[in-house]
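> attaching a predicted model along with its sequence, questions to come.
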Number of protein chains: 2
Amino acid sequence: MLIQKIFIPRLLFIGFGNVGQEVAGLFLAKNNIHPGLAYLKPQVVGIFTKTHGAVVNQAGINLEKAFNQFSKSNHFTQANPDYVNIPVLDAVQNLDYDCLVDVSGLSIKEKGEPAITFTREALKRGINVVSANKGPAAFAYNELKALAEKQGCKFLHESAVMDGAPVFNLYKDNLKGCKVTGLSGILNSTTNFILSKMEEGRTFENALKEAQKHGFVEDDYLNDIDGWDAAVKITILANQFMEASITPLEVLREGIGNITIEQVQNACERGYHLKVICRAFYELNKLYTRVAVEEVPDDHIFSKVSGTGSIIRIETDLMNPIMVVQENPSIRDTAYGIISDLLSIFTT
Amino acid sequence: MLIQKIFIPRLLFIGFGNVGQEVAGLFLAKNNIHPGLAYLKPQVVGIFTKTHGAVVNQAGINLEKAFNQFSKSNHFTQANPDYVNIPVLDAVQNLDYDCLVDVSGLSIKEKGEPAITFTREALKRGINVVSANKGPAAFAYNELKALAEKQGCKFLHESAVMDGAPVFNLYKDNLKGCKVTGLSGILNSTTNFILSKMEEGRTFENALKEAQKHGFVEDDYLNDIDGWDAAVKITILANQFMEASITPLEVLREGIGNITIEQVQNACERGYHLKVICRAFYELNKLYTRVAVEEVPDDHIFSKVSGTGSIIRIETDLMNPIMVVQENPSIRDTAYGIISDLLSIFTT
């Protein structure tokens, strides 16, 4: 007799934009399409959006219907029997669920709020949190991590940097015993895409428009252009891999707003490529973090990470540097980051 | 009151060449040099070499003395109070220990023996095996894996491919739910190093000699040059990541023995780089594995993996491709692969 284990965690979603819908699509996928997901069949007890309505059903909403309604009208409406009009915080504090899935957007201005509050309130109840929102990890990691440990639950956020490509889980699971001594990489898709296009002769504005059409630019595109997104990411990495205790506001930060097509092409002619490089490094025992436009020589591996690709280079005391590269990710990759965290919480 | 957990697994070593000595050196390192290893303080109960003597002490050999003796004279002798003259197999079957550490060399001709026998005998007793020897994983993975599962112990071999860089542990821990649909990469340091040097104008023989001087060439250098080492590695990967059931003998295999400096430089002039590329891929539902010299275009990331570096590109159903890159590894990296497996067995 074959017995198959199927995991049915109850999930509460905050946000239902591109990433949230892609995650839902994966939950709804047929087993023969993604065989590895056959044993994760979550029950979604609620989905809350900021301004597009909410649905709740403690016995599980009809995800397929909710998904179809939302992708057609971009709203949950009273036509849905599970439609509710209650504050998110109420749901986070009072519903029965096993994991909060935060796929809402990051607010730099609000320093990661309100996502930090929602995460904190779930963790306080001993409920796991999986977050694609970079805010809580960037602005309150040490507090939230300690709270999760105290409460015996998890706060994971694999998709916060390089989407689903293993970064945080790799550090936790696969670099045991290593002390990280330096980090560098290309971590912002939008600026890398724009600089790649400018090398091909396109203007900044034109390249930005194309990036926006592809859907990977932050709602406020200045978050990308001014280096905030990159600063957020190097903050998260430095705090976790190098025991720093900083916020993105402390990262030395340079954007690409002033880069001209002449600069890009002049570098190319000399055998270099302009790239937005994030770094965390020690100098005289002090940790520095910075985001800057650097000239990368043509024979350096970073120069071949083009388009929306990303790369992180990790230096440790026990190995020569290793790198993880992500090749032209799509929204599916971010969704997999969420799935990967859920699998690591619920199936071990 | 602070209580610190220190893990003291009892280890039996087979082999004590460069890798074995580097591992021992890490065990002996001061805590302030490698703080992450402070809580792993193994007791080595035996070290067996093929033709350079053996030491055994069930209460733990004096590792520092053994290490010093061996690095001076390249032999264990009767001057060592723990010196023994018994067959390895006896030790594997009868000593008390928690993990077999196999740092012996691979024999293609013997199809992975005698390492497979030693591994099997340890696993039969429910004893973990950590192996830097590629033989057991390449020629008997499915059998050994099943045996380990049945006996409730582990058979790990992170350093068999790309040394300590996370490959097998990454797949196991961080790609949960993904179906691997294709693999490609540069996995043999010696041929990559030689081809890189030939691009700089050095002859094959001259480059090979330099590689040998650095110590990373297989004892029988034809294992590298003829593509056997690469074939072994893609076999291990295909069997584990793509559910194949092949041996290295079934891999289509091409070496670099016939490559001339003119071919290398002609490719360069046209904007390409000759690289030994390993591949595993499906075509019409059939899995193919191959090792071949390919022309890699200058804008492809593989072309920037030079010297002794390695790269693996993993295609899955749930993400766009991800890659792991290892930058110019040394023997330390292989040693860390062993340490990383020990930490993952004993500290979780």
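Received it, and whenever you're ready, just let me know what you need. Numbering: from 1, shown residues only, chains lettered A, B, ... in the order given.
> what about the residue of the stretch 1-150 of chain A found nearest chain B, distance to residue B:253?
Proximity of the stretch 1-150 of chain A to chain B (CB to the nearest CB) peaks at residue A:36, 3.8 Å away. (Each C-beta comes from the backbone N, C-alpha and C, glycine too.) Using CB to CB, to the nearest Å, residue A:36 is found at 31 Å from residue B:253.
> okay, and the beta partners of residue A:84?
For residue A:84, the beta-bridge assignment (DSSP bridges) gives partners residue A:54.
> pretty sure it sits against residue A:56.
Yes: counting by CB atoms under 8 Å, residue A:84 touches residue A:56, with 4.7 Å between them.
> report the secondary structure element holding the nearest residue to residue A:305 once chain neighbours are set aside.
The shortest distance from residue A:305 to any non-neighbouring residue, by CB to CB, 6 or more residues apart in numbering or on different chains, is to residue A:311 (4.6 Å). Secondary structure assignment for residue A:311, by DSSP states H and E: strand A:310-316.
> neighbouring strands - and their directions - for that strand?
Within its sheet, and counting by DSSP bridges, strand A:310-316 is paired with strand A:180-186 (antiparallel), strand A:322-326 (antiparallel).
> whichever helix or strand comes after the longest one and chain B in contact?
Remark: after strand A:180-186, the chain's next helix or strand is helix A:189-199, criterion DSSP H and E. No: remark: helix A:189-199 sits outside contact range of chain B, by CB under 8 Å from any CB of the partner chain, the gap being at least 10.9 Å.
> now do the same for the residue of the stretch 1-150 of chain A closest to chain B: its pLDDT.
If you check residue A:36, the pLDDT there is 91.
> and stretch A:116-134, what's buried?
Neighbour-count burial for stretch A:116-134, counted by 16 or more other CB atoms under 10 Å in any protein chain shown, picks out A:116, A:118-123, A:127-134.
> how far does it stretch from start to finish?
10 Å (CA to CA, to the nearest Å).
> that one vs chain B: in contact?
No: on the criterion CB under 8 Å from any CB, stretch A:116-134 is out of touch with chain B, staying 13.3 Å away.
> name the SS class of residue A:61, please.
Following DSSP: H, G, I helix; E, B strand; the rest coil, we place residue A:61 in the coil state.
> quick one on the thing from earlier: shared neighbours, residue A:84 and residue A:56?
Counting by CB atoms under 8 Å, 6 or more residues apart in numbering or on different chains, the contacts common to residue A:84 and residue A:56 are residue A:46.
> returning to what we had before: could you report the distance from the residue of the stretch 1-150 of chain A closest to chain B to residue B:171?
In terms of CB to CB, residue A:36 sits 12 Å off from residue B:171.
> what is in contact with those two at once?
With CB under 8 Å, 6+ apart, residue A:36 and residue B:171 have no common neighbours.
> now residue A:271: closest residue in space that isn't a chain neighbour?
That would be residue A:298: by CB to CB, 6+ apart, it lies 4.7 Å from residue A:271.
> picking up where we left off before, my read: the residue of the stretch 1-150 of chain A closest to chain B touches residue B:177, true?
Yes: with contact defined as CB under 8 Å, residue A:36 reaches residue B:177; the gap is 3.8 Å.
> give the contact list for the residue nearest to the spatial centre of chain A.
For chain A, residue A:160 is the residue whose C-alpha lies nearest the centre (CA atoms, centre = their mean; 2.3 Å). With contact taken as CB under 8 Å, 6+ apart, residue A:160 is in contact with A:131-134, A:137-138, A:168, A:233, A:236, A:337.
> reformat those as a markdown table; add secondary structure.
Converted to a markdown table, the contacts of residue A:160 look like this (three-state DSSP):
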| residue | secondary structure |
| --- | --- |
| A:131 | strand |
| A:132 | coil |
| A:133 | coil |
| A:134 | helix |
| A:137 | helix |
| A:138 | helix |
| A:168 | helix |
| A:233 | helix |
| A:236 | helix |
| A:337 | helix |
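> can you lay out those residues as CSV showing pLDDT?
CSV is the format used below for these (pLDDT from 0 to 100):
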residue, pLDDT
A:131, 98
A:132, 97
A:133, 96
A:134, 96
A:137, 97
A:138, 97
A:168, 97
A:233, 98
A:236, 98
A:337, 97
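> can I get the strand holding residue A:311 in CSV, CA atoms only?
Below are the C-alpha coordinates for strand A:310-316, written out as CSV (Å, rounded to 0.1, in the frame of the first residue of the first chain):
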residue,chain,number,x,y,z
SER,A,310,21.6,39.0,-11.0
ILE,A,311,24.7,37.7,-9.4
ILE,A,312,26.0,37.5,-5.8
ARG,A,313,29.6,36.7,-5.0
ILE,A,314,30.2,35.4,-1.4
GLU,A,315,33.7,35.5,0.2
THR,A,316,34.3,33.2,3.2
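> quick one on the thing from earlier: from the contacts of residue A:160, which two are the most distant?
Largest separation among the contacts of residue A:160 by CB to CB: A:138 and A:337, giving 15.6 Å.
> returning to what we had before: more crowded one of residue A:36 and residue B:177?
For residue A:36 versus residue B:177, neighbours defined as other CB atoms under 10 Å in any protein chain shown are more numerous around residue B:177 (22 against 18).
> three-state assignment of the more buried one?
Following three-state DSSP, residue B:177 is assigned to coil.
> for it, list the residues it contacts.
With contact set as CB under 8 Å, 6+ apart, residue B:177 has these partners: A:34, A:36-37, A:40, A:336, A:339-340, A:343, B:318.
> with residue A:63 instead?
A:24, A:27-28, A:44.
> among those, which ones are in helices?
Members of the contacts of residue A:63 lying in helices (criterion: DSSP state H): A:24, A:27-28.
> buried members of those residues into PyMOL, please.
Burial among these is assessed by 16+ other CB under 10 Å; the matching PyMOL selection reads:
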select buried, chain A and resi 24+27
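> near chain B, which of the ones in helices among the contacts of residue A:63 show up?
Among those, no residue sits close to chain B (CB under 8 Å from any CB).
> other residues contacting stretch A:16-26?
Residues outside stretch A:16-26 that contact it (CB under 8 Å, 6+ apart) are A:13, A:34, A:37, A:44, A:47-49, A:52, A:63, A:66-67, A:70-71, A:101, A:103-105, A:132, A:159, A:215, A:331-332, A:334-336, A:338-339, B:318.
> let's see that with 7 Å instead.
Contact with stretch A:16-26 is made by A:13, A:34, A:37, A:47, A:49, A:63, A:67, A:70-71, A:103, A:132, A:215, A:331-332, A:334-335, A:338-339, as judged by CB atoms under 7 Å, 6 or more residues apart in numbering or on different chains.
> and the residues you listed, which are buried?
Neighbour counting over the contacts of stretch A:16-26 (16+ other CB under 10 Å) leaves A:13, A:34, A:37, A:47, A:49, A:63, A:67, A:70, A:103, A:132, A:331-332, A:334-335, A:338-339 as the buried ones.
> hang on, the earlier thing: what about the residue nearest to residue A:305, how many neighbours?
Neighbour count of residue A:311, defined by other CB under 10 Å: 25.
> and for residue A:163?
Neighbourhood size, residue A:163 [other CB under 10 Å]: 29.
> my guess is it contacts residue A:335. True?
No: counting by CB atoms under 7 Å, residue A:163 stays clear of residue A:335, with 8.4 Å between them.
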